[in-house]
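Asks: build the 3D model from these lines:
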Amino acid sequence: MIEIRTTMSASAAGGYCWMSVTGHAGAAPKGADLVCAAVSALVQTFAGWVKERGEERTLETDVRIEEGRTVIAASAGIWEMERLLGCFEVIRFGLENLSRQYPEYITYKSGACRKESKT
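Replies: So this is what the prediction gives:
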């Protein structure tokens, strides 16, 4: 089973997001598991986007990819916050949607999502 956990926060000063993905779906043999492939595609897309922004120094990042475990953390100041949280929300939506479609293979848990008013 794949376990996905996410959290995010936003304030007038900036934003932060974190994602942990562990395990394997086990829906089919390795190399033929479409559930695993779908999750991997979304997670790898977000990891690549975060890494690239980290190299550009527009985000503070920590990306760890291992066999069966990926952890992605990123924070941004006010100028990059909307891009970071927008990308995170798209990926998060895709993962949550997959967990609804394949509950026997994926669990999704969202931690505290806090957005403070900009006023």
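
Asks: and the contacts of stretch 74-90?
Replies: 6, 8, 10, 12-19, 46, 49-50, 53-54, 58-62 (C-beta atoms under 8 Å, 6 or more residues apart in numbering). Just so you know, the C-beta spots here come from the backbone N, C-alpha and C atoms, and that holds for glycine as well.

Asks: Val21 against Cys36, yeah?
Replies: No. The criterion here is C-beta atoms under 8 Å, and Val21 misses it with Cys36 at 10.4 Å.

Asks: common neighbours of the two, please.
Replies: With C-beta under 8 Å, 6+ apart, Val21 and Cys36 have common neighbours Ile2.

Asks: hmm, back to that, quick one: buried ones out of the contacts of stretch 74-90?
Replies: 6, 8, 10, 14-19, 46, 49-50, 53, 58-61 (16 or more other C-beta atoms under 10 Å).

Asks: show the average pLDDT along the helix ranked longest in the chain.
Replies: The longest helix of the chain (DSSP state H) is helix 78-101. For helix 78-101, mean pLDDT is 95.

Asks: just stretch 4-16 next, same as before
Replies: 92.

Asks: could you export it as CSV, CA atoms only?
Replies: Only the C-alpha atoms of stretch 4-16 are listed here, as CSV (Å, rounded to 0.1, in the frame of the first residue of the first chain):
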residue,chain,number,x,y,z
ILE,A,4,0.7,9.7,1.2
ARG,A,5,0.8,12.5,3.8
THR,A,6,0.8,16.2,3.0
THR,A,7,0.7,19.5,4.8
MET,A,8,0.9,23.1,3.8
SER,A,9,0.7,26.6,5.3
ALA,A,10,0.6,30.1,4.0
SER,A,11,0.8,33.5,5.6
ALA,A,12,1.6,37.1,4.6
ALA,A,13,5.3,36.2,5.0
GLY,A,14,5.4,33.2,2.7
GLY,A,15,4.4,29.5,2.4
TYR,A,16,5.5,26.0,3.2
